[in-house]
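Visitor: Could you look at this predicted model? Sequence included:
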Amino acid sequence: MKQKVTGRQNISRMCFVCGIENKSGLKTKFYELGNGELLALFTPENIHQGYPGRLHGGIANTILDETMGRAIMIRDNNIWGVTVELTTKFRKPIPLDQEIKVIGRITDENSRMFEGTGEILLPDGNIAVSGKGKYFKLPIEKIADPAFLDEWFEDNRGKLPKEVEI
């Protein structure tokens, strides 16, 4: 199913998930969708493997957590999600060297916290990992050193797609 892309989220230099200068990182792109969900795109490499040819489960948890936690930024890009609880279910192995899609969404929210769900999708569309999480809502000043804002910038890698296939 095609979804309209409504925006692209910022990235950083050294974050393991989105950092473009982190040699071991995933270099993930994040797209906000018209249905209120967040799409993450990344291509795991050999450096990210657990068993040969498969993404390490801890890294699968990391990308799913990041995507669900960032979904709050669709509503307010000054609020960040800080993980309180994360539950995942592994269904299928995730291959290396192929683009992988991750979807995150907000399912419940109050003034201090939000809950989300998400999935890691295989290239054929099957769900490899599903998860749910609970997150505190915090401004960046409460999470990171002020110098972080120098590391947080607009993602200009490629043209923003109008639609994506989910």
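Guide: It's in. Everything numeric here is computed off the predicted structure, so don't read it as measured data.
Visitor: any idea how far residue 111 is from residue 85?
Guide: Residue 85 sits 18 Å away from residue 111, going by CB to CB, to the nearest Å. Quick note: C-beta positions are derived from backbone N, CA and C, even for glycine.
Visitor: of the two, who's got more company?
Guide: residue 85 (9 against 6; other CB atoms under 10 Å).
Visitor: Could I get the pLDDT score of the more buried one?
Guide: In this model, residue 85 is scored at 98, pLDDT.
Visitor: cool, residue 149 as well?
Guide: 81.
Visitor: Check residue 145 too.
Guide: pLDDT for residue 145: 87.
Visitor: okay, now it: neighbour count?
Guide: Neighbour count of residue 145, defined by other CB under 10 Å: 10.
Visitor: For it, give its distance to residue 155.
Guide: Using CB to CB, residue 145 is found at 22 Å from residue 155.
Visitor: And for the residue lying closest to residue 165 once chain neighbours are set aside, the neighbour number?
Guide: Leaving out its chain neighbours, the residue that sits closest to residue 165 by CB to CB, 6 or more residues apart in numbering is residue 2, at 5.6 Å. Applying other CB under 10 Å, we find 10 residues neighbouring residue 2.
Visitor: ok, now residue 79?
Guide: For residue 79, using other CB under 10 Å, the count is 15.
Visitor: Assess the claim that it and residue 139 are in contact.
Guide: Yes: counting by CB atoms under 8 Å, residue 79 does reach residue 139; the two are 6.6 Å apart.
Visitor: what about residue 40, helix or strand, and which?
Guide: Per DSSP states H and E: residue 40 is located in strand 38-42.
Visitor: Now that strand - C-alpha only, PDB.
Guide: Presented in PDB, the C-alpha positions along strand 38-42 are these (Å, rounded to 0.1, in the frame of the first residue of the first chain):
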ATOM      1  CA  LEU A  38       6.900   7.200  10.900                       C
ATOM      2  CA  LEU A  39       8.800   5.100   8.400                       C
ATOM      3  CA  ALA A  40      12.500   4.300   8.900                       C
ATOM      4  CA  LEU A  41      14.600   3.000   6.100                       C
ATOM      5  CA  PHE A  42      18.000   1.400   6.600                       C
END
